[in-house]
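The following comprises the amino acid sequence and a computationally predicted model.
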Amino acid sequence: MRQDLIDQAYDVMRHNDRGTYTVPTHGLYPFQWNWDSALSALGFAHFDESRAWTELETLFAHQWDDGMVPHIIFHKEDDGYFPGADVWRTGRPVPTSGITQPPVAGFAMRRIFDRSREKEAVIDRVRALLPKVHAWHRWFHASRDPQAAGLVAVIHPWETGRDNSVDWDDAFTRVPVEGVEPFQRRDTSHTDPAHRPTDEQYKRYVYLLQLFRGLGWDNSRLHDASPFQVVDPGFNAILIRSCADLAVLAQELGETDIARESRAFADRGIDAMESLWDEGLGQYACFDRIKDALVQSPSIGGLLAAFCAIPAGRAACIARRIEALAHSARFMVPSHDPLAPDYDGKRYWRGPVWLVVNYMIADGLHAAGQTEIARRIASDSLRLIEQSGFAEYYDPMTGEACGGGNFTWTAAMVIEFLK
Ligand code: 9WN
C-alpha cells in the first residue's frame, strides 16, 4: 500500500471539506456538486465513516419535492463561479441549480454500508436515506423516460457530468443561442481556457438554462420542451447500477417494496441498454431522441456502460476496446478515442483521463471478470497521480495535469484504488 499517496489524498480531502459537505476544489468550484459528493463519500468512509454519511445526508437534504436531487447546492455565496444562484433562480430556500447529475449515490451507499465496521451505529441513517435515493430514481423514470423505454434522457450536458463531450456536438447544433443574456465566465480565470469548454458551448449551456428557468423549473414540462434530449449509456449505467445496489441494500434492511421496484428498474434498464450497442463502434453509443438516431461518437460514455451488469460478451468487447485505445494513448482511459477527428487531449471531456470514470469502468470490468484490463486502468490511474498530483483530469498522452488542482474526487478515487 502506498501510505504516502493515501496521506496526501486525505490532506486534499480535508482541505476541501466544509464540515457537512465538500467542494470539488477550492476556487474553481466553491459549492457542493452532486456526483462529486457521492464519490467523495467513498473516500471519506476510509478514515471517517460518519463524515461519509454526512456528505450524502447534506446532499439529500436539498432534494426537491418532486424527487430530483440538484447538481449544485449553493450553500454560501461566492461569485467565483458562473452560473451562480442568481442565474439559476430556482426559488429554493438554500439555492440550488435546477438540473441533476449522474445518480451515483445509490452505489456509494451500498458500498460504504457493505464495508462498514459500525453497521449498528449507522443503520438508522442508512434507513433514512434509502427512500430519498429511491425517490430520486423514481423521479428519473417518471420525468426523463416519458415513453417508458427503460432508459432516461439528459436534457443538459451538465447533467451528464461530461459537459463538453464530442457526444453532444451534433445535438448542440439544434440548441440556438438567440436571446442568451450576456454573461461573464469565471472558470477561465481559474484555469487555462484551452482546457475548458468554448464560449460557443457556454452560450448553449446558458440557452438551455434560460429555457428551463422560463418554464418555472417544472420537471413535468422540461423533458419534452428541451431541444437537447440524449440517452447517455454511461449515465444510464450509473442509474441502473444504483438501482441494483439499492435493491440489495433495501432487501437487507427489510424494505421489500423499495427492493422490488429498484430491481425492476435495473432489470428493465439492462434489457434496454442493448438498444444503445453500436456494432460499428464496437461499444455503446448515445441515442439522440430528437434525431431518433445513435450518435456516432467513440467516447468514454459508451465504455462506462460496463459499470452496470451488461452481458458478459459486451463487457469483453469493452475490454477489447480499451486494449485497442492503449495502442494510441499512454494512460487509460481517454475520454475520447485519440484516433477520432474531434479528440483534444487537454480539453476537458474531449480526450483527457478522469479518475472517477476510470474507477467506475474498472469496477464494472472487474465484476465482469475482465480483471487484467481493470488492473491496468487502476495502475495507470496511480501512475498519473505519482507523475502529476491530484488534478481534475490528465492528458492521456503526456500525463500532464489539466483543469483544477487538489481535486476532492480524484483524491477519493486514489484512496479507493489503494485501500
Ligand atoms: C458544471 C465539479 C463538476 C463535475 C463535472 C465537471 C465540471 C461543472 C463546470 O465540474 O462541471 O457542472 O462548471 O464545469 O464536468 O463532471 O461534477 O467537479
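Received it, and whenever you're ready, just let me know what you need. Residues are numbered from 1 along each chain as shown.

show me what contacts the closest residue to the ligand within the stretch 1-150 of the chain?
The nearest approach of the stretch 1-150 of the chain to the ligand comes at Pro24, 3.5 Å away (Cβ to the nearest ligand atom). Every C-beta, even on glycine, is put in place using the N, C-alpha and C of the backbone. Pro24 is in contact with Asn16, Trp33, Asp36, Glu392, Gly404, Phe407, Thr408, Trp409, counting by Cβ atoms under 8 Å, 6 or more residues apart in numbering.

what about 10 Å?
16, 30-33, 35-37, 40, 392, 404, 406-410 (Cβ atoms under 10 Å, 6 or more residues apart in numbering).

Which helix or strand contains the nearest residue to Ala412 once chain neighbours are set aside?
In this structure, Ala412 finds its nearest non-sequential neighbour in Gly43, 2.7 Å apart by Cβ to Cβ, 6 or more residues apart in numbering. Taking DSSP states H and E as the criterion, Gly43 maps to helix 34-47.

pLDDT of that helix, averaged?
Averaged across helix 34-47, pLDDT comes to 98.

wait, does it contact the ligand?
Yes. Residues of helix 34-47 are located near the ligand by Cβ under 6 Å from any ligand atom, namely Trp35, Asp36.

Just the C-alphas of stretch 339-359, formatted as PDB.
Extracted in PDB, the C-alpha atoms of stretch 339-359 (Å, rounded to 0.1, in the frame of the first residue of the first chain):
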ATOM      1  CA  LEU A 339      -7.800   8.400 -33.300                       C
ATOM      2  CA  ALA A 340     -11.100  10.200 -33.800                       C
ATOM      3  CA  PRO A 341     -11.000  13.600 -35.500                       C
ATOM      4  CA  ASP A 342     -12.500  15.700 -32.700                       C
ATOM      5  CA  TYR A 343     -10.200  14.300 -30.000                       C
ATOM      6  CA  ASP A 344      -8.400  17.000 -27.900                       C
ATOM      7  CA  GLY A 345      -6.100  15.600 -25.200                       C
ATOM      8  CA  LYS A 346      -6.300  18.700 -22.900                       C
ATOM      9  CA  ARG A 347      -9.900  20.000 -23.400                       C
ATOM     10  CA  TYR A 348     -11.900  18.600 -20.500                       C
ATOM     11  CA  TRP A 349     -14.200  15.700 -21.700                       C
ATOM     12  CA  ARG A 350     -12.900  15.600 -25.300                       C
ATOM     13  CA  GLY A 351      -9.900  13.400 -24.500                       C
ATOM     14  CA  PRO A 352      -8.400  13.700 -21.000                       C
ATOM     15  CA  VAL A 353      -8.400  10.900 -18.500                       C
ATOM     16  CA  TRP A 354     -10.700  11.300 -15.400                       C
ATOM     17  CA  LEU A 355     -10.100   9.100 -12.400                       C
ATOM     18  CA  VAL A 356     -13.700   8.900 -11.400                       C
ATOM     19  CA  VAL A 357     -14.700   7.400 -14.700                       C
ATOM     20  CA  ASN A 358     -11.600   5.100 -14.600                       C
ATOM     21  CA  TYR A 359     -12.800   3.900 -11.200                       C
END
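
list the buried ones in that stretch?
340, 342-359 (16 or more other Cβ atoms under 10 Å).

Among those, which are located in helices?
Under the assignment DSSP state H, those contribute Leu355, Val356, Val357, Asn358, Tyr359 to helices.

So which bits of the helix holding Gly43 are buried?
Buried-residue list, helix 34-47, by 16+ other Cβ under 10 Å: 34-46.

by contact count, what packs against it?
helix 3-15, strand 32-33, helix 49-60, strand 72-73, helix 105-115, helix 233-252, helix 355-367, helix 408-418 (3 or more Cβ pairs under 10 Å, 6 or more residues apart in numbering; DSSP states H and E).

who are the neighbours of the longest one, in terms of helices and strands?
Counting contacts by 3+ Cβ pairs under 10 Å, 6+ apart, the secondary-structure elements packed against helix 233-252 are helix 34-47, helix 105-115, helix 119-143, helix 157-160, helix 256-273, strand 283-284, helix 355-367.

at 6 Å instead, please
Helix 233-252 makes packing contacts with helix 105-115, helix 256-273 when contacts are defined by 3 or more Cβ pairs under 6 Å, 6 or more residues apart in numbering; DSSP states H and E.

For my notes, confirm Ala324 occurs in a helix.
Yes. Assessed by DSSP: H, G, I helix; E, B strand; the rest coil, Ala324 belongs to a helix.

Would you check how far apart it and the ligand are?
Separation of Ala324 from the ligand (Cβ to the nearest ligand atom, to the nearest Å) stands at 25 Å.

From the chain's centroid, how far away is stretch 50-61?
With Cα atoms, centre = their mean, to the nearest Å as the basis, stretch 50-61 stands 17 Å off its chain's centre.

do the same with stretch 181-201
That offset, for stretch 181-201, works out to 21 Å (Cα atoms, centre = their mean).

Need the contact partners of that stretch.
Residues outside stretch 181-201 that contact it (Cβ atoms under 6 Å, 6 or more residues apart in numbering): Gly27, Leu28, Gly80, Tyr81, Phe82, Asp163, Asn164, Lys346, Cys402, Gly403, Gly404.

ok, and the most crowded of those?
Cys402 (25 neighbours; other Cβ atoms under 10 Å).

was I right about that one contacting Ser388?
No. Cys402 lies out of contact with Ser388 (Cβ atoms under 6 Å); the separation is 8.9 Å.

For the helix or strand bottoming out on mean pLDDT in the chain, buried residues please.
Lowest mean confidence among the helices and strands of the chain (mean pLDDT, DSSP states H and E): helix 187-190, at a mean of 94. For helix 187-190, a neighbour-count test (16+ other Cβ under 10 Å) marks Asp187, Thr188, His190 as buried.
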